[in-house]
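K.L.:
How does the following fold in three dimensions:
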Amino acid sequence: MHPLEQRPSGPTPGGYEFKRAEEVVVGAAAAWIGYYAWIAIFLGVLFAGLGATRLPGGAAGVGLGIVYVLIGLYFRGAAVSMKSVVTTTGRDVQHLILALDSLTLAFKVQVVLSLAALAGGVVAALLLGGVTLTGG
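P.N.:
Coordinates of the predicted model:
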């Protein structure tokens, strides 16, 4: 049986409190989300810095850098909220909801920008060379 299936700890006077096995899972997720957050922030600063020093295409690098920093900050907020589930008592559900809200915003940004990049790539391929949508 998975440790998370050994449930009901139920509500405490201050709200639901996760069991130790559940906190281990949440804590591990918080750590990995935090690692990714710092990587995204670092890459964002790097891309923005490189974009600012290069004139052709530099604006795209700066824009990409800003987006990565924004995504990194959302992930960082999620990691902090998830870590609070493990380190505080009585507000586990509220912390988890805040974490999920931050993750949702980060993924929304990534989905929208990924679709925009895909559409831009298709348009560029059609305009720049040899790719046609007809069968002949």
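K.L.:
ranges for the helices of this structure?
P.N.:
Per DSSP state H, the chain carries helices over the ranges 20-53, 58-87, 92-128.
K.L.:
so of these, which one's packed in deepest?
P.N.:
helix 58-87 (a mean of 19; mean count of other CB atoms under 10 Å). From N, CA and C alone the C-beta is placed, and that goes for glycine too.
K.L.:
Could you tell me the end-to-end distance of stretch 77-97?
P.N.:
Distance across stretch 77-97, first residue to last, is 12 Å (CA to CA, to the nearest Å).
K.L.:
Now do it: everything it contacts.
P.N.:
12-18, 23, 26-27, 29-31, 33-34, 37, 98-100, 102-103, 106 (CB atoms under 8 Å, 6 or more residues apart in numbering).
K.L.:
How much space separates the nearest residue to residue 59 once chain neighbours are set aside from residue 117?
P.N.:
Distance criterion CB to CB, 6 or more residues apart in numbering; nearest residue to residue 59, sequence neighbours excluded, is residue 51 at 6.8 Å. With the distance defined as CB to CB, to the nearest Å, residue 51 ends up 16 Å from residue 117.
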